[in-house]
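>>> Dropping the sequence and predicted coords here.
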Amino acid sequence: MTVNNDNGIWVFAEQRSGDLHEVSLELLGKAREIAGQANSMVTAVLPGHNIRHLAQTLIDHGADSVLIADDPQLDTYRLLPYALALECLIRDYQPEIFLMGATALGVELAPRVAAKVRTGLSAHCIDLNLNEKGHLLQVVPGWGGGVIATITCPDHRPQMATVMPGAMKAVCHEGREGDIRNVEIRLPEDHFGPRVLEIKKKAPEGLPLEKAEVVIAGGWGIGDQEEWAMIEELAGILKGAVGATRPPVDEGWAQEGQMIGQSGKTVRPTLYIGVGISGVMHHVVGMDQSKHVISINSNPNAEIFDVSDVIVAEDFRKILPPLLKELKSRLKD
Amino acid sequence: MNRIIVCVKPVPDPRHWDKVTMDPATMTLKREGIPSILNPLDKHALEAALTIRESRGGEVVSLTMAPPFVDSILREGLAMGADRAVLLSDPAFAGSDTLATALILAAGCKWIGEFDLVLCGNLSIDGSTAQICSQLGELLDLPSVMHVIGLEWLDNDRAIITQRIEHGRVRMEAASPIVVSVLKELNKPRYIPFTGILEAESKELKVISNQDLKIDPGLIGLNGSPTKMAGLEVRRFERKRERVEGSIDEIVQALADKIHQYGII
């Protein structure tokens, strides 16, 4: 092995069909911050096939170097070859820290890699810090978010964590300089478990939740699809995105990708307006970093009020129609 | 061998989570007085196993790592239709993190013997780490698939599996044996028939300790777990909690003013 600067903080650069997942860029932002404290380097690890063009974006967002593992077997994501490739790289470079997004792919891949190298892995982190020993403090919500636990992995390396999409902020400096290298990996010409038959994707509609400055979220209290249209109209007027708790997704009023909370997304908009939301911790953990929180719920003791700046204990059916009208008329002036 | 192992976990009933308190000295959560339920997604895993058994025969075995007092929860799985239950229980297992737990469950699978499918819920509602499926797959040296919303077992020991990903789905073909974790979209768990409850009482529930599994004690339990709990706190929120009251018109004006103050309009 050559002189190893790539044993610091690793970020898994997740891509499907050449599209980088935003969470990888968010993680680079956090890794950069930690690297500053630890006097360490940030390495983005990019497995795939014909994906070299993504490397500069990773450097712009904070990577000091990019390790590209290019192999036809890594073209379409499959768990076994990806896990094997990462295992080989970890054994060669011995990173201190390895971060991945808590995406569908990351949640499946990270535990398999951690088991291969027999290290610890914390799941769905909402924050990361270093302690005085330089150990990674991994902040995770538990019990539906009502409890916050700090996890460490003192004796095993790398210290691995998956991080909630949206929990960290991406920082971009275009034209930043870094080192881009191809690395050799030794994937056997093997049958790697399940064979992918078909991938179906539907482009999400509207503004992505994690990027919206305004999020209007609805809960079970909305009642039906017809009333749900009011949530969408309010979001339209305020140029925001629509979010939901679990019940509206189950009822089909909202899409799975709109779910906010422990099993969905983390949002941190300037303004969050919750309508008909009771405020169970599963949801709150995904919205409590919002700058301003307005809640409308007819139950005067709704739990969501504890985490709100502005509380309206009224039926939203009475409030939203005149509010929509008022906002429209103010926007005209 | 037509045997399906379903990993099931007793979890504290979420309707009682507000009663959870913390022992600051030991940094552990006190669960006393909080009833347990079968982890909801595990019922979907059980349902998937029972459906496959109905079409091709064989055996469904539930596998659990837990303290010994969870009998009634395991009987629920037996009442749903599992043929027998295996409970891995030993003080040496206490405090295991996910890697240590996966090691114990993998040893439990091997102890049960041959199988062609291991099913789990995608995550448990208490820890929510969603790590067991992939780690169990790795430690059993078998392929694994998470986020499963479609599972069609073919005659020739192959399966068509549909996995949910962001904004879409992946269909794949897999050969058995395999480890799979499921989401609730996969199926609707059956209601437990009254006869099932009666039958469950006479089904085998075997308790296995580490004397049977013989896992290196240095790799399991609190001390053998790579991850450590460094802090635990009940979450508190700092918010203004300003109530807006008055007539509907006054409320609407106040809300519009707030939205303006925040710089949105």
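Now that the structure is in, tell me what you want to look at.
>>> From residue B:222, how far off is whatever residue of the stretch 1-150 of chain A ends up closest to chain B?
Nearest residue of the stretch 1-150 of chain A to chain B: residue A:120, at 3.2 Å (Cβ to the nearest Cβ). (Each C-beta comes from the backbone N, C-alpha and C, glycine too.) From residue A:120 across to residue B:222, the span is 13 Å (Cβ to Cβ, to the nearest Å).
>>> which one of those two has more residues nearby?
residue A:120 (25 against 15; other Cβ atoms under 10 Å in any protein chain shown).
>>> Hmm, residue A:159 and that one touching each other?
Yes - if you go by Cβ atoms under 8 Å, residue A:120 and residue A:159 touch, sitting 7.1 Å apart.
>>> between those two, what contacts are shared?
By the contact definition Cβ atoms under 8 Å, 6 or more residues apart in numbering or on different chains, residue A:120 and residue A:159 are jointly contacted by residue A:153.
>>> correct me, but residue B:101 touches residue B:129?
No - using Cβ under 8 Å as the test, residue B:101 is too far from residue B:129 to be in contact (9.4 Å).
>>> about what we covered before: so what's the residue of the stretch 1-150 of chain A closest to chain B up against?
By Cβ under 8 Å, 6+ apart, the contact set of residue A:120 is A:114, A:151, A:153, A:156, A:159, A:160, B:97, B:99, B:225, B:226, B:227.
>>> what about the helices in the chain?
Assuming you mean chain A. For chain A, the helices defined by DSSP state H occupy A:22-38, A:55-60, A:79-93, A:104-116, A:225-237, A:246-251, A:281-284, A:316-332.
>>> actually chain B
Along chain B, counting by DSSP H, helices occupy B:40-56, B:71-80, B:98-112, B:132-139, B:194-202, B:210-213, B:221-224, B:248-261.
>>> ok, and for the second one, which residues are buried?
Along helix B:71-80, these residues count as buried under the neighbour rule (16 or more other Cβ atoms under 10 Å in any protein chain shown): B:73, B:74, B:75, B:76, B:77, B:78, B:79, B:80.
>>> So which other helices or strands are in contact with it?
Under the contact criterion of 3 or more Cβ pairs under 8 Å, 6 or more residues apart in numbering or on different chains; DSSP states H and E, helix B:71-80 touches strand B:36-38, helix B:40-56, strand B:59-65, strand B:84-88, helix B:194-202, strand B:204-208.
>>> for the last one, same thing?
Other elements packing on helix B:248-261 under the criterion 3+ Cβ pairs under 8 Å, 6+ apart are strand A:292-296, strand A:310-312, helix A:316-332.
>>> 6 Å instead, please
Helix B:248-261 is packed against helix A:316-332, with contacts defined by 3 or more Cβ pairs under 6 Å, 6 or more residues apart in numbering or on different chains; DSSP states H and E.
>>> Also the third one?
Using 3+ Cβ pairs under 6 Å, 6+ apart, the elements in contact with helix B:98-112 are strand B:59-65, helix B:132-139.
>>> What residues does the stretch 151-300 of chain A have near chain B?
Contact residues, the stretch 151-300 of chain A versus chain B (Cβ under 6 Å from any Cβ of the partner chain): A:151-153, A:156, A:193-202, A:204, A:214, A:238, A:257, A:271, A:292.
>>> Could you tell me which of the residues you listed count as buried?
Of those, these count as buried by 16+ other Cβ under 10 Å: A:151-153, A:156, A:193-194, A:199, A:204, A:214, A:238, A:257, A:271, A:292.
>>> I'd say residue A:290 and residue A:266 touch.
No - using Cβ atoms under 6 Å, residue A:290 makes no contact with residue A:266, being 10.0 Å away.
>>> neighbours around residue A:72, how many?
Neighbour tally, residue A:72, other Cβ under 10 Å: 10.
>>> Spatially nearest residue to it, not counting backbone neighbours?
Spatially, and ignoring its direct neighbours in sequence, residue A:72 is nearest to residue A:49 (5.4 Å; Cβ to Cβ, 6 or more residues apart in numbering or on different chains).
>>> thought the one you found was touching residue A:75?
Yes - at 3.8 Å, residue A:49 and residue A:75 qualify as touching, with contact defined as Cβ under 6 Å.
>>> Same drill for those two, tell me which one is more crowded.
Ranked by neighbour count (other Cβ under 10 Å), residue A:49 and residue A:75 place residue A:75 first, with 16 against 13.
>>> can you pull the contacts of that one?
By Cβ atoms under 6 Å, 6 or more residues apart in numbering or on different chains, the residues touching residue A:75 are residue A:49.
>>> picking up where we left off before, would you turn the contacts of residue A:120 into JSON lines with distance to residue B:148 and pLDDT?
Output for the contacts of residue A:120, formatted as JSON lines (distance: Cβ to Cβ, whole Å; pLDDT from 0 to 100):
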{"residue": "A:114", "distance to residue B:148": "21", "pLDDT": "98"}
{"residue": "A:151", "distance to residue B:148": "27", "pLDDT": "95"}
{"residue": "A:153", "distance to residue B:148": "29", "pLDDT": "97"}
{"residue": "A:156", "distance to residue B:148": "30", "pLDDT": "97"}
{"residue": "A:159", "distance to residue B:148": "29", "pLDDT": "98"}
{"residue": "A:160", "distance to residue B:148": "24", "pLDDT": "98"}
{"residue": "B:97", "distance to residue B:148": "24", "pLDDT": "94"}
{"residue": "B:99", "distance to residue B:148": "22", "pLDDT": "98"}
{"residue": "B:225", "distance to residue B:148": "27", "pLDDT": "96"}
{"residue": "B:226", "distance to residue B:148": "27", "pLDDT": "97"}
{"residue": "B:227", "distance to residue B:148": "26", "pLDDT": "96"}
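>>> how about the helices and strands packed on helix B:71-80, which one is nearest chain A?
helix B:40-56 (10.5 Å).
>>> how big is the angle separating the closest one from strand B:59-65?
160 degrees (axes from the mean of the first three to the mean of the last three Cα atoms, to 10 degrees).
>>> Go through the helices of chain B and pick out the most buried.
Ranked by mean neighbour count, these are led by helix B:132-139 with a mean of 28 (mean count of other Cβ atoms under 10 Å in any protein chain shown).
>>> And the pLDDT for residue A:206?
Residue A:206 is assigned a predicted lDDT (pLDDT) of 68.
>>> Go through the helices of chain A and name the closest to residue B:244.
helix A:316-332 (9.7 Å; Cβ to Cβ).
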